[in-house]
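**Student:** got a sequence here, can you build the structure:
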Amino acid sequence: MKIEDLEKTKEVLKEIVPMKELIAKADILIEALPYIRKFRGKEIIVKYGGSAMKSQETTDGVLQGLAFLNFVGIRPILIHGGGDAITANLKKAGIKTQFKEGHRVTDKESMKIVDDTLEEINKSIVHEINHLGARAIGLGHGNEILTVNKKLINGADVGYVGEVEFVNTLALRELTDAKIIPVIYPVGVDGEGNLYNVNADEAAAKIAAAMNVAKIIFITNVPGILKDPKDPKSLISSVSLQDVERMIEEGTISGGMIPKVQGALIALHGGVKKAHIIDGRVKNSVLLEIFTEAGIGTEIFIQDMNSH
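**Tutor:** Sure, this is the predicted structure:
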């Protein structure tokens, strides 16, 4: 082959390779089309917090996914926690953190720190979403989204820990109807105006049920529900609500996965058709779960309702 012919071949290949990449990107958009059509105009709850919040890269990916959903007409609602930041701020104040069966023991002084910390995180998240070009508004106890009663843990009083009794769906739907993303931190108010710390997974599940959302997604830092917690390759991609309840009884599901799974069960028993537990460390995890046939993580469904 002549040198000039070789150079021409190289130039042609340079044009072909980028074209293949562009076609692949277009194929991805086409694959997403039926799901955009299916969920357009519907609310989807995304719960984000815990260990997954430690990584800024993960946070950026989650918020970019929410912005994308907002742009294509889907109505995301974000509920976030902030446990590590709360623990750190309590430590600064000289308050030792105590847990009882996964619930933070919360006295009056601790409750103020919990609320201040979550409000600070909330403002940061709202700012980042707005910076991406979507519209978001932060909601906390001042908006009275969550009305609660004191929650007893096995009959024991653990302070200002609340159980959600009522969700102000009207306020949330006014925002989603206006294509605004509600960003909620889980602090509830009782009938006397007292503030209560609410488990974020439980809050997300109760809001999902009250809003009758299309699906709820719990973002964590593990692949999903595993047959063997020590083996990331033992991921259970799809499982029925009934089987999950059995797995909890058998001890297959344990530790930090239990609150996520219990939240999923609350949502499903409340009428939500699908719950997903996904790994936020995977790039574009929210979009992969919603817009692809395979999805990622673990999908939990009510028997005989297993459709993506």
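
**Student:** what about the protein, any weak spots by pLDDT?
**Tutor:** Low-confidence segments of the chain (pLDDT under 70): 1-27, 50-52, 304-308.

**Student:** what ranges do the strands span in it?
**Tutor:** 43-48, 75-80, 99-100, 103-104, 136-139, 146-153, 156-167, 181-184, 187-189, 195-197, 215-220, 238-240, 274-279, 298-301 (DSSP state E).

**Student:** mind checking which of those is nearest residue 118?
**Tutor:** strand 187-189 (6.1 Å; CB to CB). Just so you know, the C-beta spots here come from the backbone N, C-alpha and C atoms, and that holds for glycine as well.

**Student:** residue contacts, residue 289?
**Tutor:** With contacts defined as CB atoms under 8 Å, 6 or more residues apart in numbering, residue 289 is in contact with 217, 276, 278, 295, 296, 297.

**Student:** ranges for the helices of the stretch 1-150 of the chain?
**Tutor:** 3-39, 56-71, 83-92, 108-131 (DSSP state H, counting those that start in this stretch).

**Student:** out of these, nearest to residue 213?
**Tutor:** Ranking the helices of the stretch 1-150 of the chain by proximity to residue 213 (CB to CB) places helix 3-39 first, at 9.9 Å.

**Student:** my read: residue 111 touches residue 158, true?
**Tutor:** No: contact between residue 111 and residue 158 fails when scored by CB atoms under 8 Å: they sit 11.6 Å apart.

**Student:** how many residues are close by residue 107?
**Tutor:** 12 (other CB atoms under 10 Å).

**Student:** just list whatever residues bridge to the closest residue in space to it that isn't next to it in sequence.
**Tutor:** If you skip the residues right next to it in sequence, residue 107 has residue 159 as its closest partner in space, 5.0 Å away by CB to CB, 6 or more residues apart in numbering. Counting by DSSP bridges, residue 159 forms beta bridges with residue 106.

**Student:** oh, and call the first residue 891 from now on, that's how I've got it
**Tutor:** Sure, I'll start counting at 891 from here, so that last one is residue 1049.

**Student:** and residue 1049, how far from residue 1128?
**Tutor:** 39 Å (CB to CB, to the nearest Å).
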